[in-house]
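Visitor: could you look at this predicted model? Sequence included:
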Amino acid sequence: MPYVAAIDQGTTSTRCIVFDRQGKIVSLAQKEHQQIYPQPGWVEHNPEEIWHNTQEVIALARIEAQLQAHDIVAVGITNQRETTVVWNRRTGKPYYNALVWQDTRTDALVAQYEREGGQDRFREATGLPLATYFSGLKLKWILDNVPGVREDAERGLAIFGNIDTYIIWHLTGGHYNGLHITDVTNASRTQLMNLKTLEWDDDLLQAFDIPRAMLPQIRSSSEVYGKVTSEVLPGVPVAGILGDQQAALVGQTCYEPGQAKNTYGTGCFLLMNTGTEIRQSTCGLLTTVAYRFQDQPAHYALEGSVAITGALVQWLRDNLGIIENSADIESLAATVSDNGGAYFVPAFSGLYAPYWKSDARGVIAGLTRFVNKGHLARAVLEATAYQTLDVVKAMEQDAGIHLNSLRVDGGMTVNELLMQFQANLVDVPVVRPLITETTALGAAYAAGLAVGFWSSFDDLRQNWAVAKTWEPSMGSEDRNQLIRGWQKAVERSFGWAE
């Protein structure tokens, strides 16, 4: 049988997953990489470690399923978006570590550009507010602060990409004519691409002082770009590229305007398909490209991004030592019946949608002598649900559409306590599909469609099936009281960083 492979390069690990025609997992390999924190607010990855891990997980996934390269008809890439790499075209060596999407070192640049033209000065062209989140300012920081990069960029030697671009360049030959490309979804997260033209925007490049020669070519999310030359998958067509959250939208088969999904990972990302229409947000959401398949028109999406959700559980584990394993949080939280009045606002790197407060910092509010570690564990889980609720409300207001259910995926959806609390807060059913690896699945779908492994969206819809639904079970009075407490706690986090 033929199969499709997906490389899912995430914030904390890299995975390779092989899928069959029904969208079922045939094999999976995963490897974590180091999180580097040189100083407060700075978050880096070693790009060479990520490339090494990518090769390893592809090999392991093939070994597990006993597959030859010719058994795989295409490979798709999905990636942590906004994470910024600059490397040398001749040597393949990075000039500096990758600046991760969570990194806030560009906050002074954000403040400078805001003073000159307001937070929304680039929103009409890009769909994005000024924030430390996006790649453009990270790239500017590298150009301005790493010796020799700007000179090499002007000479065409230093090239830029998000992680998708970096991996594809290596997969397809590296310094021997490797493809320097990205897709419209990743390009839309740089704050350098014009949403209407789907091309790099000269005015934006001038505003950020970025040489055009550094930038990859923008392609669609589903087409045959070239073939793998690396020995891990020799000759296999590279045929799909999607930023991770757009990939999850595709994997959840949200192909109609108004359909939405929420992915619970390191952060939380709620996307709603708005069709071929660009919908600018008035409620603090992002306008982004959902996908573009081959020569079809681009589809757009509204997105609400929450920086810290699953990462908060890791923080409780690694920084405080309250739990030994991430999975332990559910049983600890279940030792109490509520949060004991405690709320945790995890604004470690500011707040994203719908607040966009880069000066916010994390707070735990409502503490009394009564509160114990069970209440803290519960507050950590509930923080994910409250932040999702904020985004859902903003999205319903922006789109003028009331969600009748919420499709969910990602690692945290195995947490029954969290999913039930989420249903109680948003007051609609929360639906988890049978295959929860929807991010990798979306990349596989994009690649498989490009080579005819699947023939249409209808083929993909037939693969989607429900594993579990959580129905709301909380009265409106209790719900509103909890939400009021959350809103008070959020306000306490504002304006903390100087």
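Guide: Done, it's in.
Visitor: and residue 149, what does it touch?
Guide: Residues near residue 149 by Cβ atoms under 8 Å, 6 or more residues apart in numbering: 86, 95-96, 142-143, 158. Just so you know, the C-beta spots here come from the backbone N, C-alpha and C atoms, and that holds for glycine as well.
Visitor: among those, which one sits closest to residue 298?
Guide: When the contacts of residue 149 are compared for distance to residue 298, the smallest value, 26.9 Å, is given by residue 86; criterion: Cβ to Cβ.
Visitor: burial count for the closest one?
Guide: 24 (other Cβ atoms under 10 Å).
Visitor: for it, helix, strand, or coil?
Guide: Per DSSP: H, G, I helix; E, B strand; the rest coil, the local secondary structure of residue 86 is strand.
Visitor: surely it touches residue 162?
Guide: No. Applying Cβ atoms under 8 Å, one finds residue 86 not in contact with residue 162, separated by 11.1 Å.
Visitor: quick one on the thing from earlier: now the contacts of residue 149 as JSON lines including distance to residue 410 and pLDDT?
Guide: JSON lines is the format used below for the contacts of residue 149 (distance: Cβ to Cβ, whole Å; pLDDT from 0 to 100):
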{"residue": "86", "distance to residue 410": "29", "pLDDT": "98"}
{"residue": "95", "distance to residue 410": "32", "pLDDT": "97"}
{"residue": "96", "distance to residue 410": "30", "pLDDT": "97"}
{"residue": "142", "distance to residue 410": "30", "pLDDT": "97"}
{"residue": "143", "distance to residue 410": "34", "pLDDT": "97"}
{"residue": "158", "distance to residue 410": "34", "pLDDT": "96"}
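Visitor: spit out the contact partners of the nearest residue to residue 471 once chain neighbours are set aside.
Guide: When the adjacent residues along the chain are set aside, residue 471 lies closest to residue 429, with 5.5 Å between them (Cβ to Cβ, 6 or more residues apart in numbering). When contacts are counted by Cβ under 8 Å, 6+ apart, residue 429 is found next to 405-406, 423, 469-472.
Visitor: most neighbours, which of these?
Guide: Ranked by neighbour count (other Cβ under 10 Å), the contacts of residue 429 have residue 423 at the top, with 23 neighbours.
Visitor: residue 364 and residue 390, how far apart?
Guide: The spacing between residue 364 and residue 390, counted by Cβ to Cβ, to the nearest Å, is 18 Å.
Visitor: ugh, wrong one, residue 43
Guide: 23 Å.
Visitor: quick one: which of these two has more around it?
Guide: More crowded of residue 43 and residue 390, by other Cβ under 10 Å: residue 390, with 24 against 21.
Visitor: show me the shaky parts of the chain.
Guide: Low-confidence segments of the chain, defined by pLDDT under 70: none present.
Visitor: rewinding a little: take the contacts of residue 149 and lay them out in a markdown table including distance to residue 126 and secondary structure.
Guide: Below are those laid out as a markdown table (distance: Cβ to Cβ, whole Å; DSSP: H, G, I helix; E, B strand; the rest coil):
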| residue | distance to residue 126 | secondary structure |
| --- | --- | --- |
| 86 | 21 | strand |
| 95 | 25 | coil |
| 96 | 24 | coil |
| 142 | 20 | helix |
| 143 | 19 | helix |
| 158 | 23 | strand |
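Visitor: tabulate those (JSON lines), appending distance to residue 242.
Guide: Compiled in JSON lines, the contacts of residue 149 are given as follows (distance: Cβ to Cβ, whole Å):
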{"residue": "86", "distance to residue 242": "22"}
{"residue": "95", "distance to residue 242": "27"}
{"residue": "96", "distance to residue 242": "26"}
{"residue": "142", "distance to residue 242": "25"}
{"residue": "143", "distance to residue 242": "27"}
{"residue": "158", "distance to residue 242": "26"}
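Visitor: which one of the contacts of residue 429 is nearest residue 231?
Guide: Using Cβ to Cβ, those come closest to residue 231 at residue 406, 42.7 Å.
Visitor: who does the closest one form a beta bridge with?
Guide: Taking DSSP bridges as the rule, residue 406 bridges to residue 430.
Visitor: quick check: it touching residue 391?
Guide: No. Under the criterion of Cβ under 8 Å, residue 406 is not in contact with residue 391, lying 10.6 Å apart.
Visitor: name the SS class of residue 213, please.
Guide: Residue 213 carries the three-state label helix when classified by three-state DSSP.
Visitor: try the one 5 residues further on
Guide: For residue 218, the reduced secondary structure class is strand; criterion used: three-state DSSP.
Visitor: excluding chain neighbours, what is closest to it?
Guide: When the adjacent residues along the chain are set aside, residue 218 lies closest to residue 187, with 4.7 Å between them (Cβ to Cβ, 6+ apart).
Visitor: how much space separates that neighbour from residue 301?
Guide: Separation of residue 187 from residue 301 (Cβ to Cβ): 14 Å.
Visitor: and for residue 24?
Guide: Residue 24 is 27 Å from residue 301, by Cβ to Cβ.
Visitor: tell me which of these two has more neighbours.
Guide: Set side by side, residue 24 and residue 301 give different neighbour counts by other Cβ under 10 Å, the larger being at residue 301 (29 against 12).
Visitor: and that one, that's in a helix?
Guide: No. Remark: residue 301 does not belong to a helix; assigned using three-state DSSP, it is strand.
Visitor: who's in contact with the nearest residue to it once chain neighbours are set aside?
Guide: Leaving out its chain neighbours, the residue that sits closest to residue 301 by Cβ to Cβ, 6+ apart is residue 290, at 3.8 Å. When the contact criterion is Cβ under 8 Å, 6+ apart, the partners of residue 290 are 185, 246, 249, 271, 273-274, 298-301.
Visitor: quick one: which of the residues you listed has the most company?
Guide: The member of those that has the most neighbours, counting by other Cβ under 10 Å, is residue 246 with 34 neighbours.
Visitor: these two touch, right, that residue and residue 291?
Guide: Yes. Counting by Cβ under 8 Å, residue 246 touches residue 291, with 5.6 Å between them.
Visitor: all helices of the stretch 101-250 of the chain, in order?
Guide: According to DSSP state H, counting those that start in this stretch, the stretch 101-250 of the chain carries its helices in the segments 107-117, 123-126, 135-145, 149-154, 163-171, 184-187, 202-208, 244-251.
Visitor: what's the most buried one of those helices?
Guide: Between these, the one whose residues have the most neighbours on average, counting mean count of other Cβ atoms under 10 Å, is helix 244-251 (a mean of 31).
Visitor: and the angle from that one to helix 163-171?
Guide: Using axes from the mean of the first three to the mean of the last three Cα atoms, to 10 degrees, the interaxial angle of helix 244-251 with respect to helix 163-171 works out to 90 degrees.
Visitor: what lies in contact with helix 244-251?
Guide: Here helix 244-251 has contacts from 8, 10, 76, 78-81, 185, 221, 242, 261, 263, 265, 269, 271, 273, 288-291, 301, 303, 305, 409-410, 435, 437-446, using Cβ under 8 Å, 6+ apart.
Visitor: switch the cut-off to 6 Å
Guide: Residues outside helix 244-251 that contact it (Cβ atoms under 6 Å, 6 or more residues apart in numbering): 78, 185, 261, 263, 269, 271, 290-291, 409, 438-439, 441-443, 445.
Visitor: give the residue farthest from the middle of this protein.
Guide: Centroid-distance maximum for the chain: residue 369 at 37.9 Å, with Cα atoms, centre = their mean.
Visitor: what secondary structure does that one sit in?
Guide: coil.
Visitor: now it: how far from residue 103?
Guide: Distance from residue 369 to residue 103, counting by Cβ to Cβ: 38 Å.
Visitor: can you check residue 163 too?
Guide: 14 Å.
Visitor: chain center to stretch 187-206: distance?
Guide: Taking Cα atoms, centre = their mean, to the nearest Å, one finds the center of stretch 187-206 at 19 Å from the center of the full chain.
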